[in-house]
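Student: From the sequence below, what's the structure:
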Amino acid sequence: MTGKGPLVIGIGNPWRGDDGIGHAVVDALADTPGLATAKSHGEPAELMELWQGHDPVILVDAIVTGSAPGTLHRLDARKPLPRGARYSSHGIGLAEAVELARSLGDLPETLIVHGIEPARLEDGAGLSPEVRDTLARVITRITDNLAEAVPRSRPAR
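Tutor: Below you'll find the predicted structure:
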């Protein structure tokens, strides 16, 4: 059952350097009219509960692929997420959480992942300059994704 409208979930841990980028994006989007936002540490059951009934859903997380720090990745979760990448610094990977939801038939119709390549994931560190500089670009990309995903005839709630 859908009907709750668009949702952006920031995943990560703000006390682990660039792993806090998901939460920073949600903080920046928190007052956007018609958009629900949430923060998560990435635990699969929590994510599935948060996105229940929402469409589209956008997840924002740090993703380690070996690209340059600050590189933006956009993944469509209707297809399996790459398993070679490491998502954030949490125990179970985001790819595994999405696949669990897929196997349970609990994926939103539209599920987009925006991953940001971190420069540092140390305890107690803040966002690196490279990742902080991507904040405006990732917000623009999310806003564009929402405009494409939410039909013009259906107002966002």
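Student: Helices along the protein, start to end?
Tutor: 21-29, 44-51, 94-103, 129-132, 135-149 (DSSP state H).
Student: Comparing the ones you listed, which comes out most buried?
Tutor: Highest mean neighbour count among those (mean count of other C-beta atoms under 10 Å): helix 21-29, with a mean of 23. (Each C-beta comes from the backbone N, C-alpha and C, glycine too.)
Student: what about that one, average pLDDT?
Tutor: Helix 21-29 shows a mean pLDDT of 96 in the predicted model.
Student: Now do it: distance to the chain's middle.
Tutor: Put simply, helix 21-29 sits 9 Å off its chain's centre (C-alpha atoms, centre = their mean, to the nearest Å).
Student: before we move on, what about stretch 121-133?
Tutor: The answer for stretch 121-133 is 17 Å, by C-alpha atoms, centre = their mean.
Student: what residues does it touch?
Tutor: Stretch 121-133 has contacts (C-beta atoms under 8 Å, 6 or more residues apart in numbering) with 15-21, 24, 62, 68-70, 89, 116-120.
Student: Try it again at 7 Å.
Tutor: 15-21, 24, 69-70, 89, 116, 118-120 (C-beta atoms under 7 Å, 6 or more residues apart in numbering).
Student: Likewise for stretch 59-71?
Tutor: Residues contacting stretch 59-71 (C-beta under 7 Å, 6+ apart): 8-12, 18-19, 21-22, 25, 73, 85-88, 94, 113-119, 128, 130-131, 133-134, 138.
Student: Same check on stretch 101-108?
Tutor: When contacts are defined by C-beta under 7 Å, 6+ apart, stretch 101-108 is touched by residues 48, 51, 54-57, 77.
Student: Strands of this protein, residue ranges please.
Tutor: 7-11, 36-40, 57-64, 72-76, 86-87, 111-116 (DSSP state E).
Student: The third one vs strand 111-116, what angle?
Tutor: Going by axes from the mean of the first three to the mean of the last three C-alpha atoms, to 10 degrees, strand 57-64 is angled at 30 degrees with respect to strand 111-116.
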